[in-house]
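A.B. asks: No sequence on hand, only this structure:
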């Protein structure tokens, strides 16, 4: 057993030497410094959170106090209003509204008859515009047939 312990001790020594040779000690030191800086950041954040919480609580307290003051002022105003009607005389009632006497209707204005203006009849009907060829092709009608219908309509209209 003693021999086994000596072997374990040697293994630990060898591991320590390997760690020192490979720069593991420097890595461990860096890790410790990082842990320290993280702890400082955590502490700073905790202090800021505490300050913000205190500011919020103070603001809420001020709001509650302002609401209480407003409620007291409203209560005082209500009491003053309740006491005020006793000292203020009531306004005199308005006299009743009497209906206006019936007035005679005003004479109607004379009706002027206007002479009808001379209506001028057009001598000729303006020529109707023929649909554009694109429209004719869209309707599917032939131009000659459209013209015949228009001539018939014109004749019936006269």
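C.D. replies: Cool, the structure landed. Everything quoted here is computed from the prediction, not taken from an experiment.

A.B. asks: Please make it C-alpha for all contacts and neighbour counts, starting now.
C.D. replies: Will do.

A.B. asks: Tell me where this structure has helices.
C.D. replies: Listed in chain order, the helices of the chain (DSSP state H) span 2-21, 24-87, 133-139, 143-157.

A.B. asks: Let's have those in TSV, adding distance to residue 94 and mean pLDDT.
C.D. replies: What follows is these, written out as TSV (distance: least, CA to CA, whole Å; pLDDT from 0 to 100):
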stretch	distance to residue 94	mean pLDDT
helix 2-21	108	76
helix 24-87	19	89
helix 133-139	77	54
helix 143-157	73	73
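
A.B. asks: so how far is residue 19 from residue 31?
C.D. replies: Distance of residue 31 to residue 19, given as CA to CA, to the nearest Å: 15 Å.

A.B. asks: cool, residue 45 as well?
C.D. replies: In terms of CA to CA, residue 45 sits 36 Å off from residue 19.

A.B. asks: still on that earlier bit, could I get the helices of the chain in CSV, plus columns for mean neighbour count and distance to residue 93?
C.D. replies: Output for the helices of the chain, formatted as CSV (neighbours: other CA atoms under 10 Å; distance: least, CA to CA, whole Å):
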stretch, mean neighbour count, distance to residue 93
helix 2-21, 11, 107
helix 24-87, 12, 16
helix 133-139, 10, 80
helix 143-157, 11, 76
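
A.B. asks: could those helices be laid out in a markdown table, adding distance to residue 97?
C.D. replies: Below are the helices of the chain laid out as a markdown table (distance: least, CA to CA, whole Å):
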| stretch | distance to residue 97 |
| --- | --- |
| helix 2-21 | 112 |
| helix 24-87 | 27 |
| helix 133-139 | 73 |
| helix 143-157 | 67 |
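
A.B. asks: So for residue 95, which of those helices sits nearest?
C.D. replies: helix 24-87 (22.7 Å; CA to CA).

A.B. asks: quick one: the closest one to helix 2-21, angle?
C.D. replies: Here helix 24-87 points in a direction 70 degrees away from that of helix 2-21 (axes from the mean of the first three to the mean of the last three CA atoms, to 10 degrees).

A.B. asks: Who are the contact partners of residue 19?
C.D. replies: residue 25 (CA atoms under 8 Å, 6 or more residues apart in numbering).

A.B. asks: how far away is it from residue 34?
C.D. replies: When CA to CA is the yardstick, residue 19 and residue 34 sit 20 Å from each other.

A.B. asks: Kindly report the same for residue 18.
C.D. replies: From residue 18 to residue 34 the distance is 23 Å (CA to CA).
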